[in-house]
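Trainee: okay, sequence plus prediction incoming.
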Amino acid sequence: MSVKYDQKLCLGGVSLHIHYFNVTYRCNNRCYFCASDSPSEFLPDLTVDEIRKSIAHSGTGPGDMAVVNGGEPTVHPHLREILEVLVDTGAYVVLFTNGRKLADPAYAMSVLRCGLSRISVPLYGYDATTHDDCTGIGGSWHETVEGLHNVFRWRESMGTPEVELKTLITDRTIGYLPRAISTILRMFPSVDRFVLSGLIQSDTALASHAAVDLGNPQLLEQLNRAVMEALQIGSRLILDSVPLCVLNPDVRIQWLFSRSKRSCARGRGQTSESYFVYADAKFPEGIKERDWWNISHCPHEQCRLHSVCRMNPRYFRSPIAASGIRPIVEV
Ligand code: SF4
């Protein structure tokens, strides 16, 4: 039986391994901020054999986390086999998907039957117009929402997987972020985790000027309202690459309080043996990095919140976007 990743994070003195598979660069969406620059790069998919070899090379096993992402993993013709191989290792297996193909109940069931630990699905708006405007595909909202209903139906009867919903902070979503979060959380009240995330500054995101200026007071107000909205609805809110210093002090305190109720201090369990392995068609065996995604990358190490803040310069490469960042001297 796999150890829940979040539980393992709370154990003392353990090494944490994340094995991340970018199984395909292909995607059935055309998001204007695409994090993996999918339309511009046509590399082959990772094969099941390459994934087996990569697992053997890294020794991925029980207690580790294996992440399947893309592009869009559901366009990979052998996704189910990949998931079965990863689940067989005993790792905590997470599937990132736009959820559109899960609108087909038979397909959804065949994927969920593989024994995933967590599924993570993004929504970028509060209705079909706002969401489809971001994905570039008419009808994508309806398919993703239907896919999520299928996931929740399965989860209700089988107990797994954990369901994570997610939205991104972009120049388009920031205008309606509180409304989007409120709508999503009320549509899916039994969601396990809700992630509010900054935007990876991919070439596509940079070309479309999708980054927001965190020094802009109006945009910051929207961000603060969005965080409060999620907290008031009572969701388990994960702030991914959202610099905590851009939040109003009262909002920040409430988020810290909600977090302290549900988890241990992040990183308590890490040892120097913790690592992150990234594999894709260019690096099928995987590239091992010590410095993995749960570590704060903010240069302000004197900040009181450095150990809990997941700010990452990869998301805020633009000096404009980073202009609101300043160390917290008192919490
Ligand atoms: S200064 Fe850095 S560590 Fe501190 S809250 Fe801001 S982004 Fe996070």
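Mentor: Thanks, I have the structure now. Numbering: from 1, shown residues only.
Trainee: all contacts plus neighbour counts: C-alpha atoms, from now on.
Mentor: Fine.
Trainee: which intervals of the stretch 151-300 of the chain have sub-threshold pLDDT?
Mentor: Applying pLDDT under 70 to the stretch 151-300 of the chain picks out residues 261-274, 290-296.
Trainee: so where do the helices sit in the stretch 1-150 of the chain?
Mentor: All helices of the stretch 1-150 of the chain, identified by DSSP state H, counting those that start in this stretch, fall at 5-9, 48-58, 79-88, 105-112, 128-135, 140-158.
Trainee: and the contacts of the fourth one?
Mentor: Think helix 105-112. 79-80, 101-102, 147, 150-151, 154, 161 (C-alpha atoms under 8 Å, 6 or more residues apart in numbering).
Trainee: residue 251 is in contact with residue 228, correct?
Mentor: Yes: counting by C-alpha atoms under 8 Å, residue 228 does reach residue 251; the two are 6.5 Å apart.
Trainee: ok, the spatially closest residue to residue 82 that is not a sequence neighbour - contacts?
Mentor: Once flanking residues are discounted, residue 82 sits nearest to residue 48: 5.8 Å by C-alpha to C-alpha, 6 or more residues apart in numbering. Counting by C-alpha under 8 Å, 6+ apart, residue 48 touches 78, 81-82.
Trainee: and the residue in the stretch 51-200 of the chain positioned nearest to the ligand, how many neighbours?
Mentor: The minimum distance from the stretch 51-200 of the chain to the ligand, using C-alpha to the nearest ligand atom, falls at residue 198 (11.9 Å). Neighbour count of residue 198, defined by other C-alpha atoms under 10 Å: 22.
Trainee: over to the one 4 residues further on?
Mentor: The tally of other residues near residue 202 (other C-alpha under 10 Å) stands at 18.
Trainee: which residues does it contact?
Mentor: For residue 202, the contact set (C-alpha under 8 Å, 6+ apart) comprises 33-37.
Trainee: which one of those residues is nearest residue 297?
Mentor: residue 35 (18.7 Å; C-alpha to C-alpha).
Trainee: ok, the residue nearest to the closest one when sequence neighbours are not counted to residue 165 distance?
Mentor: Counting by C-alpha to C-alpha, 6+ apart, residue 35 lies nearest to residue 202, which is 5.3 Å off, once chain neighbours are set aside. As defined by C-alpha to C-alpha, to the nearest Å, residue 202 lies at a distance of 22 Å from residue 165.
Trainee: just residue 303 next, same as before
Mentor: Counting by C-alpha to C-alpha, the gap from residue 303 to residue 165 is 29 Å.
Trainee: repeat for residue 326
Mentor: 29 Å.
Trainee: among the two, which residue is more densely surrounded?
Mentor: Between residue 326 and residue 165, counted using other C-alpha under 10 Å, residue 165 has the larger neighbour count: 22 against 13.
Trainee: doesn't the more buried one lie inside a strand?
Mentor: Yes: under DSSP: H, G, I helix; E, B strand; the rest coil, residue 165 falls within a strand.
Trainee: thought residue 123 was touching it, still the case?
Mentor: Yes: Residue 165 lies in contact with residue 123 (C-alpha under 8 Å); the separation is 7.3 Å.
Trainee: may I have the phi/psi pair for residue 190?
Mentor: With angles defined as degrees, to the nearest 10, residue 190 sits at phi -100, psi 20.
Trainee: burial count for the residue nearest to residue 42 when sequence neighbours are not counted?
Mentor: The spatial neighbour of residue 42 that comes closest, neighbours along the chain excluded (C-alpha to C-alpha, 6+ apart), is residue 25 at 6.5 Å. When neighbours are counted by other C-alpha under 10 Å, residue 25 registers 25.
Trainee: is it correct that residue 25 is in contact with residue 43?
Mentor: Yes: counting by C-alpha under 8 Å, residue 25 touches residue 43, with 6.5 Å between them.
Trainee: got any residues that touch both of these two?
Mentor: Counting by C-alpha under 8 Å, 6+ apart, nothing touches both residue 25 and residue 43.
Trainee: may I have stretch 66-84 exported as PDB, CA atoms only?
Mentor: Taking Å, rounded to 0.1, in the frame of the first residue of the first chain, the C-alpha atoms of stretch 66-84 are listed here in PDB:
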ATOM      1  CA  ALA A  66       5.300   9.600  -9.100                       C
ATOM      2  CA  VAL A  67       3.800  12.500 -11.200                       C
ATOM      3  CA  VAL A  68       2.400  12.000 -14.700                       C
ATOM      4  CA  ASN A  69       2.000  15.200 -16.700                       C
ATOM      5  CA  GLY A  70       2.500  16.600 -20.200                       C
ATOM      6  CA  GLY A  71       1.400  18.200 -22.500                       C
ATOM      7  CA  GLU A  72      -1.800  16.300 -21.800                       C
ATOM      8  CA  PRO A  73      -1.200  12.800 -20.600                       C
ATOM      9  CA  THR A  74      -4.600  11.500 -21.700                       C
ATOM     10  CA  VAL A  75      -3.600  11.900 -25.400                       C
ATOM     11  CA  HIS A  76      -0.800   9.300 -24.800                       C
ATOM     12  CA  PRO A  77      -2.000   6.100 -26.300                       C
ATOM     13  CA  HIS A  78      -0.600   4.000 -23.400                       C
ATOM     14  CA  LEU A  79      -1.500   6.100 -20.400                       C
ATOM     15  CA  ARG A  80      -3.300   3.300 -18.600                       C
ATOM     16  CA  GLU A  81      -0.300   1.000 -19.000                       C
ATOM     17  CA  ILE A  82       2.000   3.800 -17.700                       C
ATOM     18  CA  LEU A  83      -0.300   4.300 -14.700                       C
ATOM     19  CA  GLU A  84      -0.300   0.600 -13.900                       C
END
